[in-house]
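S.K.: After the sequence you'll find the predicted model.
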Amino acid sequence: MKVVLQRVNKASVSINDHLFNKINKGYLLLVGIKDSDSSDDIDYLVRKITNLRIFEDDNGKTNLNLSSVNGEILSISQFTLYANTKHGNRPSFVDAGEPNFASEMYDSFNQKLLDAGNSVKTGQFGADMQIDLQNDGPFTIVFDTENN
């Protein structure tokens, strides 16, 4: 699995020009899944994301996790994280997970984030979505379970 995490002051997702979900301070997650991913990958990412300390404390040090700042998560499925651009100018997405499997894994990932005590909102799997965000920092981290 690949997850691009952006620390945000706010973020929203719209579908067909209608607001679908929004969050205030927290994380925008772009989530990519491939067919070889497993529940172990989900568990690893949920643990890392839930406990990640990238919010500033009173001394300006990044010592606080998401729950310490009452933050929220906006989780967006993003098969294009598995784009292969090695040959030619048109990306190939053959490494992205088969849609039914990827959808189930995405749902499981979001449920486990919820079970870990996070406030989680999502986009719609497979939809053409427009994402608006105000990046905080900017602070962006890429997780790849193949390289953890």
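M.R.: All right, it came through fine. All values derive from a computational prediction rather than experimental measurement.
S.K.: Which residue is the nearest non-sequential neighbour of residue 51?
M.R.: Of all residues not flanking residue 51 in the chain, residue 65 sits nearest, at 5.7 Å (C-beta to C-beta, 6 or more residues apart in numbering). Glycine gets a C-beta too; all of them are placed from N, C-alpha and C.
S.K.: residues of stretch 75-85 that come out buried?
M.R.: For stretch 75-85, a neighbour-count test (16 or more other C-beta atoms under 10 Å) marks 75, 76, 77, 78, 79, 81, 82, 83 as buried.
S.K.: just the strands in the protein please.
M.R.: According to DSSP state E, the chain carries its strands in the segments 2-15, 18-23, 26-32, 55-56, 62-64, 72-77, 119-122, 129-144.
S.K.: wait, which of those is closest to residue 40?
M.R.: strand 129-144 (13.7 Å; C-beta to C-beta).
S.K.: Quick one: distance of that closest one to the chain centre.
M.R.: Taking the mean of its C-alpha atoms, strand 129-144 sits 9 Å from the chain's own mean (C-alpha atoms, centre = their mean, to the nearest Å).
S.K.: Sheet partners, orientation included, of it?
M.R.: Partners of strand 129-144 in the sheet, by DSSP bridges, are strand 2-15 (antiparallel).
S.K.: Mind giving me the packing neighbours of the biggest helix by length in the chain?
M.R.: Secondary structure of the chain per DSSP state H: the longest helix is helix 99-115. Helix 99-115 is packed against helix 39-51, strand 72-77, strand 119-122, with contacts defined by 3 or more C-beta pairs under 8 Å, 6 or more residues apart in numbering; DSSP states H and E.
S.K.: Look up the residues forming beta bridges with residue 22.
M.R.: In this structure, residue 22 has the following beta-bridge partners (DSSP bridges): residue 12.
S.K.: That one and residue 9 touch, don't they?
M.R.: No. Using C-beta atoms under 8 Å, residue 22 is not in contact with residue 9; the gap is 11.8 Å.
S.K.: nearest residue to the residue most central in space within the chain other than its sequence neighbours?
M.R.: For the chain, the residue nearest the mean C-alpha position is residue 29 (1.9 Å; C-alpha atoms, centre = their mean). Counting by C-beta to C-beta, 6+ apart, residue 75 is the residue found nearest to residue 29 once chain neighbours are left out, at 4.6 Å.
S.K.: Check what pLDDT the one you found gets.
M.R.: What the model reports for residue 75 is a pLDDT of 98.
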